[in-house]
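J.: Sequence and predicted model, in that order:
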Amino acid sequence: MLQGPAVISPRQFLNDIFQAAVDAAQPALCLPPHLPAPPKGRTVVIGAGKASAAMARVLETHWDGLLSGLVVTRYGHRVDCERIDIVESSHPVPDAAGVAAAEGIVARLQGLTEDDLVICLISGGGSALMTLPMPGLTLDDKISVNRALLRSGANIAEMNCVRKHLSAVKGGRLAAAAAPARLVTLAISDVPGDDLAVIASGPTVPDPTTFAEARDILARYGVSPPAPVAAFLATAAEETPKPGDPRLANCRTVLIAAPQASLEAAAAVARRAGVTPVILGDAIEGESREVAIVHAGIARQVARHGQPAGAPAVLLSGGETTVTVRGNGRGGRNAEFALGLAIALDGAAGISAIACDTDGIDGSEDNAGVLVTPDTLARSAARGINARALLDANDAYSLFSALDDLVMTGPTLTNVNDFRAVLIE
């Protein structure tokens, strides 16, 4: 049990700091200070992402004057607005609703002038939610490539490089469609390094990547795209807008929430509980189970040697790990990380952990993430569950479901990606 101002259990402590991380990225807190000045002409609101509907609602509440617009979010993440149309589409695999949403957004940008203002609300997930294939490509083509990339182990920057070069709205193309209007993008980062060109595949910022890089990524991960995609990438007829493109000269992007701020919010809660926070990084990448081994090694160093901090301490990290899918089980990257961590710790006393996605959905499952306790493996064995076999089958969800250790929050209406906390008592 942890002392601090009040006695709390490790489970409660871990849930509390996860909630603090989520709360720090809520649009109601982070969006209002960054609203742009009203224009002489019209104000049009567009956007895409898991947090975009919540962002639209906050903007509408704080905006004096006329506005209209269209924003697309994930199914189940809808927040109704009075003046901004909210539609839903599929994530992580796009669907026809996402195509219709993208077409509707582009239509809202037609006929704008230099006196008009476009406010674009962007958050993680926008790449799949707002989908418009380039001429000659179909939605099925994009779905095929997307599914293969999701299973390949490619990181988010690599996946989005490919997506941008197959899209009529990503990689700065949406900003080009808005010209000559002034465009202000308010973005919540869910990507390692907070790269604006990667968040939702950068629809309103210049794209430094190329068709050649997109082809190399597919080859590197052994992805054989449909013939129309291969032909399109080989032709490379029209590159995405690059830095210095005059169509993007009147564009500005403001990062309103990012993983580091959420880690710092969690660290503040830990300090109040008398636990020393150690932030390992806000941009951790790599295979989930391998990242888990590193976290376990640092946790053991704290427990055995008091380095880099003495117990009680909590290791905090963010970013986006990947999973190379080889089995047919259930479980997002956070569940995979957690099971890998439990196996690496092998029942080490006094070490617990939480691993969750701050959007409330771990991959495509119904849980935000999972909890790990010192007896996770023992309780699994008592139920006849072979933890290592389930990890090999990419089936971490089944183990934590059987143990009643899933973290269920529902959509949080924000998204600064993965949150991991390893508590050493």
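T.: Yep, that arrived. Numbering: from 1, shown residues only.
J.: Report pLDDT for residue 2.
T.: pLDDT, residue 2: 68.
J.: Next: the one 10 residues further on.
T.: If you check residue 12, the pLDDT there is 96.
J.: cool, residue 34 as well?
T.: Taking residue 34 on its own, its pLDDT is 97.
J.: Please verify my assumption that it contacts residue 254.
T.: Yes. Here residue 34 reaches residue 254: they are 4.8 Å apart, a contact under C-beta atoms under 8 Å. Every C-beta, even on glycine, is put in place using the N, C-alpha and C of the backbone.
J.: What is the neighbour count of the closest residue to residue 39 other than its chain neighbours?
T.: Residue nearest to residue 39 in three dimensions, not counting chain neighbours: residue 117, with 3.7 Å by C-beta to C-beta, 6 or more residues apart in numbering. Neighbours of residue 117 under the rule other C-beta atoms under 10 Å: 21.
J.: residue contacts, residue 117?
T.: Counting by C-beta atoms under 8 Å, 6 or more residues apart in numbering, residue 117 makes contact with 36, 38-39, 41-44, 181-184.
J.: Which ones among these map onto strands?
T.: 43-44, 182-184 (DSSP state E).
J.: Out of those, flag the one nearest to residue 26.
T.: Comparing the ones in strands among the contacts of residue 117 against residue 26 with C-beta to C-beta places residue 184 closest, at 20.2 Å.
J.: Name the nearest residue to the closest one, ignoring sequence neighbours.
T.: In space, and not counting its chain neighbours, residue 184 is closest to residue 36: 4.5 Å by C-beta to C-beta, 6+ apart.
J.: I'd assumed residue 352 was in contact with residue 303.
T.: No. With contact defined as C-beta under 8 Å, residue 303 does not count as touching residue 352 (11.9 Å).
J.: could the ones in strands among the contacts of residue 117 be laid out in a markdown table, adding distance to residue 142 and pLDDT?
T.: As requested, the ones in strands among the contacts of residue 117 are arranged in a markdown table below (distance: C-beta to C-beta, whole Å; pLDDT from 0 to 100):
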| residue | distance to residue 142 | pLDDT |
| --- | --- | --- |
| 43 | 31 | 98 |
| 44 | 26 | 98 |
| 182 | 31 | 98 |
| 183 | 25 | 98 |
| 184 | 28 | 98 |
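J.: follow-up on the earlier one: state the distance from the residue nearest to residue 184 to residue 173.
T.: Separation of residue 36 from residue 173 (C-beta to C-beta, to the nearest Å): 22 Å.
J.: Those two: which has the busier surroundings?
T.: residue 173 (23 against 15).
J.: Give the bridge partners for the residue nearest to residue 39, please.
T.: residue 43, residue 182 (DSSP bridges).
J.: What's the per-residue pLDDT of it here?
T.: 98.
J.: again, but for residue 121
T.: Reported pLDDT for residue 121: 98.
J.: Identify the residue nearest it in space, chain neighbours excluded?
T.: Using C-beta to C-beta, 6+ apart and skipping the chain neighbours, the partner closest in space to residue 121 is residue 47 (3.1 Å).
J.: What's opposite that neighbour in the beta bridge?
T.: Here residue 47 sits in beta bridges with residue 71, residue 121, going by DSSP bridges.
J.: Might one say that it is in contact with residue 125?
T.: No. Between residue 47 and residue 125 there is no contact under C-beta under 8 Å: 11.2 Å.
J.: So for those two, which sits in the more crowded spot?
T.: In this view residue 47 and residue 125 are compared by other C-beta under 10 Å, and residue 47 has more residues nearby, 32 against 26.
J.: where does that one land on pLDDT?
T.: The model's pLDDT for residue 47 equals 98.
J.: Residue 391: how many residues sit nearby?
T.: Around residue 391 there are 23 other residues, counting by other C-beta under 10 Å.
J.: and residue 329, that's in a strand?
T.: No. Secondary structure of residue 329 (DSSP: H, G, I helix; E, B strand; the rest coil): coil, not part of a strand.
J.: quick one: the residue nearest to it when sequence neighbours are not counted from residue 360, how far?
T.: Nearest residue to residue 329 in three dimensions, chain neighbours excluded: residue 395, at 2.3 Å (C-beta to C-beta, 6+ apart). Computed as C-beta to C-beta, the residue 395 to residue 360 distance reads 21 Å.
J.: Among these two, which residue is more densely surrounded?
T.: A count of neighbours by other C-beta under 10 Å puts residue 360 above the other of residue 395 and residue 360, at 23 against 20.
J.: what's the distance between the residue nearest to residue 121 and residue 207?
T.: Residue 47 is 19 Å from residue 207, by C-beta to C-beta.
J.: likewise residue 136?
T.: 20 Å.
J.: again with residue 134
T.: For residue 134, the distance to residue 207 - C-beta to C-beta - is 14 Å.
J.: ok, those two, which is more surrounded?
T.: Set side by side, residue 134 and residue 207 show more neighbours around residue 207, with 25 against 19, by other C-beta under 10 Å.
J.: Residue 245 is in contact with that one, correct?
T.: No. Counting by C-beta under 8 Å, residue 207 sits too far from residue 245 to count as a contact (9.3 Å).
J.: what is in contact with these two at once?
T.: Joint contacts of residue 207 and residue 245 (C-beta under 8 Å, 6+ apart) are residue 172.
J.: Please verify my assumption that residue 29 contacts residue 51.
T.: No. Contact criterion C-beta under 8 Å: residue 29 and residue 51 do not qualify, at 11.9 Å.
J.: of those two, who's got more company?
T.: Using other C-beta under 10 Å, the more surrounded residue of residue 29 and residue 51 is residue 51, with 38 against 15.
J.: Count the residues that sit near the residue lying closest to residue 252 once chain neighbours are set aside.
T.: Ranked by C-beta to C-beta, 6+ apart and with sequence neighbours excluded, the top spatial neighbour of residue 252 is residue 184, at 5.3 Å. The local packing of residue 184 (other C-beta under 10 Å) involves 20 other residues.
J.: Residue 184 and residue 314, how far apart?
T.: Distance from residue 184 to residue 314, by C-beta to C-beta: 37 Å.
J.: swap in residue 324?
T.: Counting by C-beta to C-beta - residue 324 and residue 314 are separated by 29 Å.
J.: Which one's more surrounded, those two?
T.: residue 314 (32 against 14).
J.: need the contact list for that one.
T.: 13, 17, 270, 275-278, 421-424.
J.: According to the record, where do the domains of the chain fall?
T.: Per automatic domain parsing, the domain ranges recorded for the chain read 10-23+260-424, 27-257.
J.: Let me see the confidence value for the residue nearest to residue 259 when sequence neighbours are not counted.
T.: Once flanking residues are discounted, residue 259 sits nearest to residue 318: 3.7 Å by C-beta to C-beta, 6+ apart. pLDDT for residue 318: 97.
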